[in-house]
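Colleague: let me see the structure of the following:
(3 chains)
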Amino acid sequence: MSLWLMKSEPDEFGWNDLVAKGVSPWDGVRNYQARNFMRDMAVGDQAFFYHSRTGLAVVGNMDIVAPAYPDPTAPDLKWSCVDVKAAQPFDRPVTLDVIKNDPRLADMVLVKNSRLSVQPVTQSEWDMICAMGLKQA
DNA sequence: GCCAACGTTGGC
DNA sequence: GCCAACGTTGGC
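Modeller: Predicted coordinates:
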């Protein structure tokens, strides 16, 4: 199982849009590195949903429910997408500011390469962000 | 809305 | 294969 982080502008397609839709393709990615990460995804992988631009926070996590297939919004076959489904909304979004100011999260791709829209997350990063975002039971 | 950082394209 | 020009992303 692998862990990921995927970005979207909330004005374009936000967490609530995904919840309303149920299962949705994560399409429109036109960057080779991001595409290749999606091709590495498998059913059962999990991903953070990150709001870029006007959100700047991890707002919940998702399940990958279909492996990479050709992106129907692309003009040719070289682009891929996966299907995602909202799993758990965060009680408290974990902001970019908090992530950047936590030395334990300083190596996240989100910090190191802010332009990559689909990126891997380590297990410890995943656990830490979930702990910050989800209410303790 | 601006612009720095990054990725891609295309002329040579 | 290099690199200048251009386009896009995303934090601020």
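Colleague: quick one: A:Tyr50 and A:Gly60 touch, right?
Modeller: No. Taking C-beta atoms under 8 Å as the definition, A:Tyr50 is not a contact partner of A:Gly60, at 9.5 Å. Yep, even glycine has a C-beta here, placed from its N, CA and C like the rest.
Colleague: near DNA strand B, which residues of chain A?
Modeller: A:31-33, A:53, A:113, A:115-116 (C-beta under 7 Å from any atom of the strand).
Colleague: what about 10 Å?
Modeller: By C-beta under 10 Å from any atom of the strand, the residues of chain A that approach DNA strand B are A:30-36, A:53-54, A:78, A:112-116.
Colleague: from the residues you listed, which two are the most distant?
Modeller: In terms of C-beta to C-beta, the residues of chain A next to DNA strand B reach their longest pairwise distance at A:Thr54 and A:Lys78, which sit 29.8 Å apart.
Colleague: for A:Gln136, grab the count of nearby residues.
Modeller: Residues lying near A:Gln136 (other C-beta atoms under 10 Å) number 5.
Colleague: against A:Arg92, how distant is it?
Modeller: In this view, A:Gln136 and A:Arg92 are 11 Å apart by C-beta to C-beta, to the nearest Å.
Colleague: in chain A, which helix has the most residues?
Modeller: Criterion DSSP state H: the longest helix present in chain A is helix A:123-133.
Colleague: give the other helices and strands that the lengthiest strand in chain A contacts.
Modeller: The longest strand of chain A (DSSP state E) is strand A:80-95. Applying 3 or more C-beta pairs under 8 Å, 6 or more residues apart in numbering; DSSP states H and E, we find strand A:80-95 packed against helix A:15-21, strand A:23-26, helix A:32-39, strand A:46-51, strand A:57-70, helix A:123-133.
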